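Undergrad: predicted model follows, preceded by the sequence.
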Amino acid sequence: MPDAAAFVPSDANLDELHDAARRCHGCELYRPATQTVFGEGPEDAEIVLVGEQPGDQEDRQGHPFVGPAGRLLDRALDEAGIDRERVYVTNAVKHFKFTERGKRRIHQQPGRTEIVACAPWFEAELAAVRPRLVVCLGSIAAKALLGQSFRVTVDRGRFLSVREFQVLATVHPSAVLRAPDRDAAYAGFLADLKTARSMFPSPTTG
């Protein structure tokens, strides 16, 4: 099974990883995608936010969480007292998976093969940043880090010890946008981010 390991430089900093990821052919998703969408944020970030994969706008612009879900995430981070400029934001899968429907590109959930293939990039990001807390946004991100048996519906909003950092899982902001009761979904999402914020005594992270 192909994966990204052959493309990931060892002991690299974030700039070196970002540059190398542009040339990754570790799975077939690179073929239709516009570009690799790598993580962004400071190398000394105490919090890493990890989502599923880039969406349509992220694929076009080359930056994570810049579409509608990203705007909702920005709002929630601000209300939770977390400075987005001081966190590292990335995705478990670095290319947009989609199917074309006319002129529209419809998001498709990445499969287990693609998640496993892309895992070396996320591991390299974690090694470079060395965060105190990883916040998993949605089940794909949570399972990529915590295993296939993990259920966000069971353990969301709780701190879990994983290796040298803590993990907290919550829903993906796109799930909030799709929720029948968006206000209630947003309130739950914000509560989880406030729980994440509670780990840090300073007014903002970093």
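TA: Okay, I see it. For clarity, every value in this text was computed on a predicted model and none was experimentally measured.

Undergrad: need the contact list for residue 185.
TA: For residue 185, the contacting residues are 171, 175-176, 179, taking CB atoms under 8 Å, 6 or more residues apart in numbering as the criterion. Where you see a C-beta, it was placed from the backbone N, CA and C, and this is true even at glycine.

Undergrad: report the distance from the helix ranked longest in the chain to the chain centre.
TA: As assigned by DSSP state H, the longest helix anywhere in the chain is helix 112-129. Here helix 112-129 is found 11 Å from its chain centre; the criterion is CA atoms, centre = their mean, to the nearest Å.

Undergrad: name the helices or strands packed onto that helix?
TA: In this structure, helix 112-129 packs against helix 14-21, strand 47-51, strand 88-91, helix 139-146, with contacts taken as 3 or more CB pairs under 8 Å, 6 or more residues apart in numbering; DSSP states H and E.

Undergrad: could you check the angle strand 47-51 makes with the helix or strand that comes right after that helix?
TA: For helix 112-129, the following helix or strand on the C-terminal side (DSSP states H and E) is strand 133-137. The directions of strand 133-137 and strand 47-51 differ by 20 degrees, with axes from the mean of the first three to the mean of the last three CA atoms, to 10 degrees as the criterion.

Undergrad: from now on call the first residue 17
TA: Happy to do that; since the first residue is 17 now, the last one works out to strand 149-153.

Undergrad: so what strands line up beside strand 149-153?
TA: The pairing partners recorded for strand 149-153 under DSSP bridges are strand 63-67 (parallel), strand 181-186 (parallel).

Undergrad: deepest-packed of these, please.
TA: Per-residue neighbour counts averaged over each of the strands paired with strand 149-153 give the maximum for strand 63-67, namely a mean of 27 (mean count of other CB atoms under 10 Å).

Undergrad: now the angle from it to helix 128-145?
TA: Counting by the same axes, to 10 degrees, strand 63-67 points 170 degrees away from the direction of helix 128-145.

Undergrad: where does pLDDT dip in this protein?
TA: Regions of the chain meeting the criterion pLDDT under 70 cover residues 17-18, 218-222.

Undergrad: if you set the cut-off to 90 instead, what comes out?
TA: Low-confidence regions of the chain, defined by pLDDT under 90, span residues 17-19, 119, 123, 169, 178-179, 217-222.

Undergrad: any chance of the strands paired with strand 149-153 in JSON lines, with distance to residue 90 too?
TA: Shown next, in JSON lines, are the strands paired with strand 149-153 (distance: least, CB to CB, whole Å):
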{"stretch": "strand 63-67", "distance to residue 90": "11"}
{"stretch": "strand 181-186", "distance to residue 90": "15"}
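
Undergrad: picking that back up, out of the helices and strands packed on helix 128-145, which comes closest to residue 216?
TA: For residue 216, the closest of the helices and strands packed on helix 128-145 is strand 63-67, at 7.9 Å, according to CB to CB.

Undergrad: thanks again, I'm all set now.
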